[in-house]
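K.L.:
task: produce atomic coordinates for the following.
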Amino acid sequence: MIKPMIEFCASNMHHGTDELMQELELDDSVDVIEYGCLGNCGECYARPYALVDGTIVGADSVEELSERIREAIKRQQADRDALDKLLDDL
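P.N.:
Numbers count the residues shown, from 1 in each chain. Okay, here's the model as predicted:
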């Protein structure tokens, strides 16, 4: 199974995403990367966010972001599983 990639913007750390990033780095089931900029400046300035396998996941708080990241991972995995099943049935 491919690990989900969670990307954080260093410029977004003022929202407290640095603590969430450090927590997720301890989770062997995901890959975590920090970039100086992810090119989503409007999102970055406004609220905590991260990219989960390239999809923007944002929230009003770091706690909510943590929940939404985990939900996004589950949803994306379910989508991949459904696609794999569909392809197997062809």
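K.L.:
going by C-alpha atoms from here, please, whenever you check contacts or count neighbours.
P.N.:
Will do.
K.L.:
quick check: longest helix in the chain by residues?
P.N.:
Residue-count comparison of every helix in the chain, with assignments taken from DSSP state H, identifies helix 62-89 as the longest.
K.L.:
which stretches of the chain have low pLDDT?
P.N.:
Within the chain, the ranges that satisfy pLDDT under 70 run 1.
K.L.:
report the distance from the longest helix of the chain to the chain centre.
P.N.:
Relative to the chain's own centre, helix 62-89 is displaced by 11 Å; criterion: CA atoms, centre = their mean, to the nearest Å.
K.L.:
give me the most central residue, the chain.
P.N.:
Against the mean C-alpha coordinate of the chain, by CA atoms, centre = their mean, the closest residue is V52 at 2.9 Å.
K.L.:
correct me, but that residue touches P4?
P.N.:
Yes - counting by CA atoms under 8 Å, V52 sits close enough to P4 to count as a contact (6.9 Å).
K.L.:
how about S66: what's its closest non-neighbour residue?
P.N.:
For S66, the nearest residue in space outside its immediate sequence neighbours is L20; the separation is 7.0 Å by CA to CA, 6 or more residues apart in numbering.
K.L.:
sorry, that was for E25
P.N.:
Taking CA to CA, 6+ apart as the measure, E25 lies nearest to V32, with 5.9 Å between them; neighbours along the chain are not counted.
K.L.:
and that neighbour, helix, strand or coil?
P.N.:
Reducing the assignment to helix, strand or coil with DSSP: H, G, I helix; E, B strand; the rest coil, the entry for V32 is strand.
K.L.:
that one against M21, yeah?
P.N.:
Yes - judged on CA under 8 Å, V32 makes contact with M21 at a distance of 7.2 Å.
K.L.:
cheers, nothing more for now.
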